[in-house]
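S.K.: only geometry, no sequence info:
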């Protein structure tokens, strides 16, 4: 949840709380009619903030799929961890900041995958 939505929900809760207090105080012996208007406006703004924050939550996040095309013949069956020698699968290779990074599930090391020259 983003910080903006959290702040919107907290502000909405405060507005609704004080709005209900103003509405409740209107019906006390010393209550005034203006308090009812202030309370209704405050509650309305509070629910409006909740509605706006909820609309932001429904936006779908786009999924970025980046495929790696290497220039040479790569045999993925022989891809091994350079730290422990454990066998790696294509699932262990992720793109981080535009570079392929290998995460070894055996020794928990991560390093950038580099392509060595073929000559």
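M.R.: That came in fine, so what should we check first? Since the structure is predicted, the reported quantities are computational estimates derived from the model, not experimental observations. Residues are numbered from 1 along each chain as shown.

S.K.: Show me what the helix or strand bottoming out on mean pLDDT in the chain is packed against.
M.R.: Every helix and strand of the chain was ranked by mean pLDDT, DSSP states H and E. The lowest is strand 93-96, at a mean of 84. Contacts defined by 3 or more C-beta pairs under 8 Å, 6 or more residues apart in numbering; DSSP states H and E place strand 93-96 against strand 99-103. (Glycine included, C-beta is placed from N, CA and C.)

S.K.: sorry, back to before: can you give the strand pairings for the least confident helix or strand of the chain, parallel or anti for each?
M.R.: Strand pairing for strand 93-96, using DSSP bridges, gives strand 99-103 (antiparallel).

S.K.: Can you measure across stretch 51-68, start residue to end residue?
M.R.: For stretch 51-68, the first-to-last residue distance is 41 Å (C-alpha to C-alpha, to the nearest Å).

S.K.: which residues touch the least confident helix or strand of the chain?
M.R.: Under the criterion C-beta atoms under 8 Å, 6 or more residues apart in numbering, residues 66, 68, 100-103, 113 lie in contact with strand 93-96.

S.K.: so where do the helices sit in the protein?
M.R.: Counting by DSSP state H, one finds helices in the chain at the ranges 3-26, 33-57.

S.K.: Columns mean neighbour count, mean pLDDT and distance to residue 88 on top of those helices, output as CSV?
M.R.: Listed next are those as CSV, based on neighbours: other C-beta atoms under 10 Å; pLDDT from 0 to 100; distance: least, C-beta to C-beta, whole Å:
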stretch, mean neighbour count, mean pLDDT, distance to residue 88
helix 3-26, 15, 93, 37
helix 33-57, 15, 90, 37
